[in-house]
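J.: The amino acid sequence is not available; the structure is as follows:
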């Protein structure tokens, strides 16, 4: 089984550059239809694909990023990617910068190749405004 690290790391960089650029077309191309994003806040909040695509680059803006401590592992048709990311970002205009631990799950399909299925951002937020702000991004409510 081939090492997925180079391909996954390339797609991770594409994902992050697309977020910085506010390029929803590129983000859409990289994520699966059943994509979800989990933010480790108190309480934890989830965004579905539609909510994430609508918020990325508009209400949740990333200005810069830097990966550290990259890890990728393939498990059958899945690959797990984890890294610390230093982000400069805002959420509804409020600073949301700092070190974030990200864990992504990618699924490889015969047609379409690798697609991100799930992203978990593991920065426990004590700020009670963050879960409310994430909740406002959820379009299904």
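T.: Good, I have the coordinates. Just so you know, these numbers come straight off a predicted model, no measurement behind them.
J.: So for the top strand by length along the chain, mean pLDDT?
T.: If you go by DSSP state E, the chain has its longest strand at strand 60-75. Averaged across strand 60-75, pLDDT comes to 94.
J.: Stretch 19-35 too?
T.: 96.
J.: Ok, stretch 85-96 next?
T.: The model assigns stretch 85-96 a mean pLDDT of 96.
J.: Now it: buried residues?
T.: By 16 or more other C-beta atoms under 10 Å, the buried positions in stretch 85-96 come out as 85, 87, 89, 91-92, 96. Heads up, the C-betas are built off the backbone N, CA and C, glycines and all.
J.: on that earlier part again, only the buried residues of the longest strand of the chain, if you could.
T.: So strand 60-75, judged by 16+ other C-beta under 10 Å, has buried residues 60-62, 65, 72, 74.
J.: Give me the contacts around the next helix or strand after it.
T.: The element immediately downstream of strand 60-75 (helix or strand, assigned by DSSP states H and E) is strand 78-91. Under the contact criterion C-beta atoms under 8 Å, 6 or more residues apart in numbering, strand 78-91 has outside partners 4, 8-9, 12, 16, 59-73, 95-108, 114, 117, 130, 133-134.
J.: Same check on stretch 65-77?
T.: Counting by C-beta under 8 Å, 6+ apart, 1-5, 8-9, 12-13, 16, 19-20, 79-88, 107-109 sit against stretch 65-77.
J.: Residue 58 reaches residue 22, doesn't it?
T.: Yes - counting by C-beta atoms under 8 Å, residue 58 does reach residue 22; the two are 6.9 Å apart.
J.: No more questions from me, cheers.
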